[in-house]
Structure formats: structure tokens, C-alpha cells
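A.B. asks: show me the folded form of this:
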Amino acid sequence: MRVPMTAILLAAGAGKRFGSQKLLARLPDGRYVVEAAAKNLLAGAGHVVAVTSRDDRLMKALDDCGCQVVVNADAEEGMGTSIAAGVRASADAAVWLIALGDMPYIRPETIASVLKALDGATGIVIPTFGGQRGHPVAFAGAFGSELMALQGDNGARSVVAAHADQVKLLPVDDAGVLMDIDTSDDLQAVFPRHQP
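C.D. replies: I've put the predicted structure just below:
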């Protein structure tokens, strides 16, 4: 029996531009970057497979959040291998939602709306804000074999490009779908826009 949906949180990047393990950097509210991303994803999607490199602190943080943690032994080869590892670890899912561990500000209701917009056994849903494509991206189960074959550092762009006629763009009112943390300045720069 297929599991209805699995969210895959990509958390195996090296964070070279940040200069240290950015996923364990603290947001102004005290949470780790990856903790906020994981908890938003869990609230919006339910089941989360977090793909990491072998980093004990990161693995513990994700486990403490309630994620199923999968180690990608090929993480240095790029994001494609992490997507493939996550999809292989949840091969019985009918839908995959691919999210990034350095995007801590995506609202749970936005995540749920991306999943809801995926129609049936085919299709890809990409949220947009201000006309720009963001994350997370939902893939129907029909793309499982292509996702499991990904390599390199371009994520799932090749799958999206090969099936452009099946892509549904979903405008959302959540700027968090575009906000990632690449540098230490990003920690301070993006947070004020999310204050209540």
C-alpha cells in the first residue's frame, strides 16, 4: 500500500558560502535554521524524511524534531544525490514534496496548499511569489524513478524541465517560499520581515 505523501527535507549541503554549518545557526528567535524548516514542514505535510550528511549534531536536531533521518553517503556529489536518497527511502509514497533545510520561513499553510494543488497521479506544483518560482516543490509519484536517478548539484531542475507541460505554478502570499539562508547576513536580513 502506498503512503499518500512524504516530504523530503534536504539538509546535506556543505554551507560553503556561510562559512560553517548554517543549518545549525541560530535564528533570532533561538531556533536552529533547520529546526524551523523541519517543524514548518512537519506541520504542513506530516511525514518528513530529512536527508543529511554524516553530522551527528544535525542528525540529532532533525531526529529531535520528529523527522525520519537518512544519511546520504554521496552528499558531496550534490543535491541531486540527496533527493535520490530521500525518494529511495520513501519509495512507497504516492507524492513527494521536496523542501530545503535552509528555508526556515515557509508557513505550514503554504506547504499544505502546495500539496493540495497537486492533482492526481501526474503533475508538478511549484509555488510562486511575486512571479518568482520558490519551494517546496511537489512531485506526483509518476516521477519517482526520475527523482531516484538524479545526480549532481542541480536538484530536480532536469525533471521539471523535461515535464514543463505538467508544471502547475501556484501563486502564494508567502515570501518565505523564496527566502533561503546563504550567508550570516541573511539571518538578520530576512527575519524582520517575518515579525508579527
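A.B. asks: in this structure, which helix or strand is least confident?
C.D. replies: Each helix and strand of the chain was given a mean pLDDT (mean pLDDT, DSSP states H and E); the minimum falls on helix 184-190 at a mean of 73.
A.B. asks: any idea how far that one is from the chain center?
C.D. replies: From the chain centre to the centre of helix 184-190 is a distance of 19 Å (CA atoms, centre = their mean, to the nearest Å).
A.B. asks: was I right to think residue 176 contacts residue 99?
C.D. replies: No: using CB atoms under 8 Å, residue 176 is not in contact with residue 99, being 11.1 Å away. Backbone N, C-alpha and C define where each C-beta goes, glycine included.
A.B. asks: one step back: what lies in contact with the least confident helix or strand of the chain?
C.D. replies: 18, 19, 25, 26, 27, 28, 33, 105, 179, 180, 181 (CB atoms under 8 Å, 6 or more residues apart in numbering).
A.B. asks: equivalent analysis for stretch 168-181, please.
C.D. replies: Where contact means CB under 8 Å, 6+ apart, the residues beyond stretch 168-181 that reach it are 18, 22, 25, 33, 100, 102-107, 110, 113-114, 117-119, 123-130, 132-136, 186-187, 190, 193-194.
A.B. asks: let's see 7 Å
C.D. replies: 22, 33, 100, 102-107, 110, 113-114, 117, 123-129, 132, 134-135, 187, 190, 193 (CB atoms under 7 Å, 6 or more residues apart in numbering).
A.B. asks: pull out the buried residues from these.
C.D. replies: 22, 33, 100, 102-107, 110, 113-114, 117, 123-127, 129, 134-135, 187, 190 (16 or more other CB atoms under 10 Å).
A.B. asks: keep only those of these that are in strands.
C.D. replies: Within the buried ones among the contacts of stretch 168-181, residues falling in strands by DSSP state E are 100, 124, 125, 126, 127, 129.
A.B. asks: how about residue 139, secondary structure?
C.D. replies: Three-state assignment for residue 139 (DSSP: H, G, I helix; E, B strand; the rest coil): strand.
A.B. asks: can you tell me the SS state at the closest residue to it other than its chain neighbours?
C.D. replies: Excluding its sequence neighbours, the residue lying closest to residue 139 (CB to CB, 6 or more residues apart in numbering) is residue 96, at 4.9 Å. Here residue 96 is recorded as strand under three-state DSSP.
A.B. asks: appreciated, that's everything.
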